[in-house]
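Asker: Pasted the sequence and its predicted model underneath.
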Amino acid sequence: MASDFSETQDSMNLEELQRKLIVAARTETPSDRVPYAFEKRVMARLTARQSPDELSLWAGALWRAAAPCVGIMLLLTAWSLFGRAGAGAPPDLSQELDNTVLAAVNQEASPDSTW
């Protein structure tokens, strides 16, 4: 089976195929079923086809990604609020943030500091 395919492929080249198709098309008489200048309208529509707007593609993808992001945010929020309920009183996050941000300011300056 594979050898038949390779023989057929080798024996028929592109020019011969094109010649056969043109001969077959010339033997057929034009049909009344095809509207006048149909091929010109098709070609005009193909050339007038606009390329997709990349910005709108990105915007659509980001809007579709917004719902899963909101869902993940809600799950993480619930986990952070209710995850420490069994560990006692939850720590004051604002105080922890202040301590972290101002940690460098609160340290005593060393004498050999160049700041």
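Answerer: Good, I have the coordinates. Numbers count the residues shown, from 1 in each chain.

Asker: Nearest residue to the middle of this structure?
Answerer: residue 61 (6.6 Å; C-alpha atoms, centre = their mean).

Asker: so how far is the helix or strand harbouring residue 64 off the chain centroid?
Answerer: If you go by DSSP states H and E, residue 64 is part of helix 54-82. On the basis of C-alpha atoms, centre = their mean, to the nearest Å, helix 54-82 sits 16 Å off its chain's mean C-alpha point.

Asker: Check which helices and strands it sits against.
Answerer: Helices and strands touching helix 54-82, by 3 or more C-beta pairs under 8 Å, 6 or more residues apart in numbering; DSSP states H and E: there are none. To be clear about C-beta, it is placed using only N, CA and C from the backbone, and glycine gets the same treatment.

Asker: Give me the buried positions along that helix.
Answerer: For helix 54-82, a neighbour-count test (16 or more other C-beta atoms under 10 Å) marks nothing as buried.

Asker: For residue 69, see how far away residue 76 is.
Answerer: 11 Å (C-beta to C-beta, to the nearest Å).

Asker: ranges for the helices of this structure?
Answerer: 2-11, 14-27, 38-47, 54-82, 93-101, 103-106 (DSSP state H).

Asker: Reformat those as JSON lines; add mean pLDDT.
Answerer: Compiled in JSON lines, the helices of the chain are given as follows (pLDDT from 0 to 100):
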{"stretch": "helix 2-11", "mean pLDDT": "52"}
{"stretch": "helix 14-27", "mean pLDDT": "85"}
{"stretch": "helix 38-47", "mean pLDDT": "82"}
{"stretch": "helix 54-82", "mean pLDDT": "92"}
{"stretch": "helix 93-101", "mean pLDDT": "82"}
{"stretch": "helix 103-106", "mean pLDDT": "73"}
